[in-house]
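A.B. asks: For reference, the sequence and a predicted model appear below.
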Amino acid sequence: MNLALVWFRRDLRLSDNPALTAALAQGFRPVPVYIHAPVDEGDWPAGAASRVWLAGSLTALAADLDARGSGLVLRQGDTLTELLNLIDATGARALFWNRRYEPAVARADARIEAALRARGLHVEPHNAALLAEPWTVATGAGGPYRVFTPFWRAMRQRLADLAAPLPAPTRLPALPDTVDVQPLAALGLEPPPHEPRWHAGFRHFWTPGEDSAWARFQVFLEHGLDGYAESRDFPDRDSSSRLSPHLHFGEISVRRMVAAVLARDSVMAGQGSERFLAELGWREFSYHLLHHFPDTPETNLNPRFDGFPWAEPEPARLRAWQTGRTGVPIVDAGMRQLWASGWMHNRVRMIVASFLCKNLRYHWLHGARWFWDTLVDADLANNTQGWQWSAGTGADAAPYFRVFNPALQAARFDPDGAYIRRWLPELASVPTRHLAEPWQRPDLLARHAPDYPQQPIVDLKASRDAALAAYAGCR
DNA sequence: TGAAATGTTGGGGCG
DNA sequence: ACGCCCCAACATTTC
């Protein structure tokens, strides 16, 4: 029986895994491999929160493979070197993988593919991550989409025609004796033991792995979809699917999710499911943009902003934003939720991004980099698109003059202050009507929360006006 | 997937 | 009864 390496990347699952299924279908004995190679990721190697998640996800995948009679071979170092070593050790004739779309990774993949083909290996990349790969979607004029609505209109029509998801193999051949699997600890993913275990709380919020991802999705499908369109904007309602980290690491298949939503819809269609599908559509749109505009992780998509007068960050104020001590409760609550749990509610992400880019007027990359390090769902396509959207520099972005007023946003989307109180316990006893902008009542603030910043680090109105003036100047 | 300023309208208090 | 003003509520425009 011929051996094939099945190279796992951001497809850490066994169900609906085209590379694994194809290797089996073609009669190969698969050797599952994961290679930790941050250098392949260019300027965006996995951040701290991502690495913690990745360690958990690999543990779960290895257990799932073990349970089916196989195992997961772990390696680190130069990807091509490690693949060649494994090919030599096993005598593998083929390599199967599922594609990634980050520009640096795609370039590395192209080199690897060419080098292995040149050695006579059968190399077969697949799509496990997207409803439609970016080069298969084009406008009537033949170019990439730059506006979400027509992009999604085109994509939405195709959903019913998606191929059925692939079942997980129930039994796998054993690993050959010629390879050792190596321990996860050798990859150096988790912070060393002597460092503060800042991520210790993550386990209260998350369980990485395919089983956990699917279980969470099932609960969401059952209880979360009705009313999703309305309640998703309220950060304390626990109405998000919270599937983003599972999706990022490929623990769950977006095709399988869509198929399940459509199947449920045939019984009882609803606004909630349509809205949820559209959110998956934003993810597709982000990958579409990243593929067609590969410089956007660092560069404005809209060059009009190239001369925009961003402010030079003051370290203390940037730090105040990062640590949730700006003095604006809804902003600080979001940044503390991020630090404590590795995740932030989407509505609050928009609020903290608007605050950074428009009130502080710091370049969106400062925000993108902090999110990259602290989010368990950090995803280059989504993170780039989200920040460029918020800053107004992206495709189909919020116009720059759309400046969120955090106090109004808090009053509208956290009307009883439950979200703010949950993440800023020092404000717990401030009366609800003053919780959105407590600086308006310095007497109450000093009495109830003496340790909380007594004034915002920027004047909201003055900084808003300054941002609008800066925008007018570069228009 | 905004907010604030400006404009319009209509009900009610009041001389 | 009438005109006038006030202002809340809503709509439109501007940033």
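C.D. replies: It's in. Numbers count the residues shown, from 1 in each chain, chains lettered A, B, ... in the order given.
A.B. asks: A:Asp416: what secondary structure?
C.D. replies: With DSSP: H, G, I helix; E, B strand; the rest coil as the basis, A:Asp416 sits in coil.
A.B. asks: Pull up the gap between the closest residue to it other than its chain neighbours and DNA strand C, please.
C.D. replies: Ranked by CB to CB, 6 or more residues apart in numbering and with sequence neighbours excluded, the top spatial neighbour of A:Asp416 is A:Thr432, at 6.0 Å. Heads up, the C-betas are built off the backbone N, CA and C, glycines and all. Taking CB to the nearest atom of the strand, to the nearest Å as the measure, A:Thr432 falls 20 Å from DNA strand C.
A.B. asks: Over to A:Asp332?
C.D. replies: In terms of CB to the nearest atom of the strand, A:Asp332 sits 26 Å off from DNA strand C.
A.B. asks: And A:Glu195, by the same measure?
C.D. replies: With CB to the nearest atom of the strand as the criterion, A:Glu195 and DNA strand C are 45 Å apart.
A.B. asks: Tell me which residues touch the residue nearest to A:Asp416, please.
C.D. replies: Residues near A:Thr432 by CB atoms under 8 Å, 6 or more residues apart in numbering: A:Pro415, A:Asp416, A:Gly417.
A.B. asks: Can you tell me which of those residues are buried?
C.D. replies: Buried by 16 or more other CB atoms under 10 Å: A:Gly417, out of the contacts of A:Thr432.
A.B. asks: Now A:Leu3: phi and psi?
C.D. replies: With angles defined as degrees, to the nearest 10, A:Leu3 sits at phi -100, psi 150.
A.B. asks: Surely it touches A:Pro176?
C.D. replies: Yes. Counting by CB atoms under 8 Å, A:Leu3 does reach A:Pro176; the two are 6.6 Å apart.
A.B. asks: neighbour-wise, which of those two wins?
C.D. replies: A:Leu3 (21 against 14; other CB atoms under 10 Å).
A.B. asks: longest helix anywhere in chain A?
C.D. replies: For chain A, the helix with the greatest residue count under DSSP state H is helix A:271-292.
A.B. asks: and A:Pro134, how many neighbours?
C.D. replies: Other residues close to A:Pro134 by other CB under 10 Å number 19.
A.B. asks: count of neighbours near the residue in the stretch 301-450 of chain A that DNA strand C sits nearest to?
C.D. replies: Relative to DNA strand C, the nearest point of the stretch 301-450 of chain A is A:Phe401 (4.3 Å; CB to the nearest atom of the strand). Neighbour count of A:Phe401, defined by other CB under 10 Å: 13.
A.B. asks: Skipping its backbone neighbours, what lies nearest A:Phe293 in space?
C.D. replies: In space, A:Phe293 is closest to A:Leu301, 5.7 Å off (CB to CB, 6+ apart).
A.B. asks: distance of that neighbour from DNA strand B?
C.D. replies: A:Leu301 is 15 Å from DNA strand B, by CB to the nearest atom of the strand.
A.B. asks: Please apply the same query to A:Asp40.
C.D. replies: For A:Asp40, the distance to DNA strand B - CB to the nearest atom of the strand - is 30 Å.
A.B. asks: Could you tell me how many residues sit around the residue lying closest to that residue once chain neighbours are set aside?
C.D. replies: Setting aside the residues directly before and after it, A:Asp40 is nearest to A:Ala108 in space (CB to CB, 6+ apart), at 4.3 Å. Number of residues near A:Ala108 (other CB under 10 Å) recorded here: 19.
A.B. asks: Other residues contacting whichever helix or strand A:Ala108 is part of?
C.D. replies: Assigning secondary structure by DSSP states H and E places A:Ala108 in helix A:103-118. Under the contact criterion CB under 8 Å, 6+ apart, helix A:103-118 has outside partners A:40-44, A:79-80, A:83, A:87, A:95, A:97, A:99-100, A:123, A:125, A:290-291, A:294-295, A:297.
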